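[1] Mind folding the following:
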Amino acid sequence: MKFYIASGFLDTAEIVEIAKAADDLGYDGMGIPDHIVNLETLSTPYPYTKDGERRWQPFTHWPDPWVLVGALAQATTRLRFTTTVYIPAMRDPYAAAKAIGTAAYLAGGRVDLGVGVGWCKDEFELVGQRFDARGRRTDEMLELMRKLWSPGWAEFSGEFYTAPRLEMEPTPPHIPIWVGGLSDLALRRAARNDGWIGDLVTTDRAIAAITRLRELRAEAGLSMDGFTVLTPLVDAITSADYERAEAGGITHILTMPWMFYTGPDASLADKIDGMKRFRADLGLDR
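    Presented below is the predicted three-dimensional model:
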């Protein structure tokens with residue numbers, strides 16, 4: 001099982017130091033969330049809490065994922081980076097492909113693209129993108145971006161986007177695509193790609209999603225070999241908990257280890273100490 005550090009809600013100034021520590025301590029990767037802005041008032045309830053309220057406070061940092069990956073890649077040597085999750089449908093596909101591809105190039109291929117279709121209608125409207133049909137647009141954008149990241153000339157003709165013969169450089173190393181979300185539509189989209197990203201869920205719920213993913217991939221003639229499952233778990237604490245999760249098909253854990261020891265008000269030193277203690281407590285360095 002691989003362990004990724006979640007960078008959500010952290011002060012941007014801390015993230016580079018945490019990434020360096022994660023790289024040195026043997027963590028496998030870092031998850032980077034995505035919002036362009038945080039609107040004071042929303043007409044869209046947040047879908048991942050019971051009361052529809054956001055999990056973060058106003059003025060929480062949301063650094064641009066690809067600027068951040070470009071910086072972190074220069075400060076680390078082995079750590080991988082994924083977005084948890086990036087919303088392509090809020091962007092122009094060419095600018096998005098350029099940013100993602102450049103970051104992956106600078107990181108030497110240590111990038112996995114985690115995507116979602118988005119939930120915040122207000123944010124879509126602010127940036128001038130359609131909220132309706134965002135799922136179909138996301139699928140088409142992924143197809144287009146894969147072509148733009150391939151060497152040589154590319155052409156594309158789809159329902160939403162059409163590209164004449166063109167090329168985009170630098171050509172990045174292969175970028176696996178993981179899909180986030182808990183709905184059946186999200187699981188279907190994930191099954192067509194390279195991995196699934198869960199939310200804060202129980203181990204049982206994650207394993208149930210994996211069972212569904214296995215069914216969907218089998219229907220398409222695909223195995224689970226090489227398929228990534230990355231999720232935070234609300235009920236995994238001990239080595240036995242993580243062993244059970246791994247046996248159930250979870251391949252990657254997204255975590256903030258300092259939350260087990262110091263809590264959300266941890267200093268930077270506390271965070272790094274928590275990362276050390278977590279690995280020691282789970283016997284990950286044996």
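[2] Every contact and neighbour count from this point should use C-alpha atoms.
    Fine.
[3] you'd agree residue 70 is up against residue 106?
    Yes. With contact defined as C-alpha atoms under 8 Å, residue 70 counts as touching residue 106 (6.1 Å).
[4] ok, which stretches of the stretch 51-200 of the chain are strands?
    80-83, 111-115, 154-157, 162-166, 177-180, 195-197 (DSSP state E, counting those that start in this stretch).
[5] In TSV, list those along with distance to residue 271, mean pLDDT and mean neighbour count.
    Formatted as TSV, those follow (distance: least, C-alpha to C-alpha, whole Å; pLDDT from 0 to 100; neighbours: other C-alpha atoms under 10 Å):
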stretch	distance to residue 271	mean pLDDT	mean neighbour count
strand 80-83	19	98	26
strand 111-115	24	98	24
strand 154-157	45	98	14
strand 162-166	46	98	11
strand 177-180	26	98	26
strand 195-197	24	98	27
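[6] Of those, give the one that comes closest to residue 61.
    strand 80-83 (15.0 Å; C-alpha to C-alpha).
[7] Touching the closest one from outside, list them.
    The contact list for strand 80-83 (C-alpha atoms under 8 Å, 6 or more residues apart in numbering) reads 28-34, 65, 69, 110-115.
[8] one step back: mind putting the strands of the stretch 51-200 of the chain into a markdown table with distance to residue 233?
    Shown next, in a markdown table, are the strands of the stretch 51-200 of the chain (distance: least, C-alpha to C-alpha, whole Å):
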| stretch | distance to residue 233 |
| --- | --- |
| strand 80-83 | 17 |
| strand 111-115 | 18 |
| strand 154-157 | 39 |
| strand 162-166 | 40 |
| strand 177-180 | 14 |
| strand 195-197 | 11 |
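[9] I'd like to know which of those lies nearest to residue 240.
    strand 195-197 (21.9 Å).
[10] other SSEs contacting that closest one?
    strand 177-180, strand 228-231 (3 or more C-alpha pairs under 8 Å, 6 or more residues apart in numbering; DSSP states H and E).
[11] Each with direction, which strands does the last one pair with?
    Think strand 228-231. strand 195-197 (parallel), strand 252-255 (parallel) (DSSP bridges).
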